[in-house]
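Trainee: sequence and predicted structure are below.
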Amino acid sequence: MNVKILILGVLCTFFLVAVLSIHPFGKPSNTEMDDYFIQNGQVQTGSNNIVASVLFDYRGMDTLVEATLLFAATSGIFIVFRGKKNE
């Protein structure tokens with residue numbers, strides 16, 4: 001019985017420390033990368049939308065690979081379920 005209480009105490013302590021150490025919502029930490037994108041994004045990409053310029057210009061290959069993987073997964077699921085016949 002004492003072991004169960006000890007484990008419960010350790011878990012509660014872990015969860016309390018985890019909740020107290022969460023970064024406040026809506027207050028992101030500033031980094032040098034953020035400032036770089038804000039200052040140079042429009043000049044280097046020609047886009048007024050910083051989010052779109054980061055997504056498609058700075059990280060274009062990453063986005064292409066993600067889209068390819070999503071297409072492959074969707075196609076695989078479609079092929080698997082299309083092969084099933086109602087008997």
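Mentor: Received it, and whenever you're ready, just let me know what you need.
Trainee: flag every buried residue along the biggest helix by length in the chain.
Mentor: Counting by DSSP state H, the longest helix found in the chain is helix 60-82. By neighbour count with 16 or more other C-beta atoms under 10 Å, helix 60-82 contains no buried residues. The C-beta positions use only the backbone N, C-alpha and C, and glycine is treated the same way.
Trainee: ok, stretch 31-42 next?
Mentor: Judged by neighbour count using 16+ other C-beta under 10 Å, the buried positions of stretch 31-42 are F37, G41.
Trainee: average pLDDT across it?
Mentor: For stretch 31-42, the mean pLDDT works out to 86.
Trainee: report the distance from that stretch to the chain centre.
Mentor: Computed by C-alpha atoms, centre = their mean, to the nearest Å, the separation of stretch 31-42 from the middle of its chain amounts to 20 Å.
Trainee: how about stretch 52-69?
Mentor: For stretch 52-69, the distance to the chain centre is 14 Å (C-alpha atoms, centre = their mean).
Trainee: please apply the same query to stretch 28-45.
Mentor: Offset of stretch 28-45 from its chain centre (C-alpha atoms, centre = their mean): 19 Å.
Trainee: re earlier: contacts for the longest helix of the chain, please.
Mentor: Residues from elsewhere that reach helix 60-82, judged by C-beta atoms under 8 Å, 6 or more residues apart in numbering: L55, F56.
Trainee: do the same with stretch 27-47
Mentor: Residues outside stretch 27-47 that contact it (C-beta under 8 Å, 6+ apart) are H23, N48, I50, S53, V54, F56, D57, Y58.
Trainee: want to throw those residues into TSV with distance to K4, pLDDT and neighbour count?
Mentor: Converted to TSV, the contacts of stretch 27-47 look like this (distance: C-beta to C-beta, whole Å; pLDDT from 0 to 100; neighbours: other C-beta atoms under 10 Å):
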residue	distance to K4	pLDDT	neighbour count
H23	33	81	8
N48	59	89	9
I50	52	88	15
S53	55	87	19
V54	49	86	17
F56	54	84	14
D57	55	85	14
Y58	52	84	17
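Trainee: P28 in helix, strand or coil?
Mentor: coil (DSSP: H, G, I helix; E, B strand; the rest coil).
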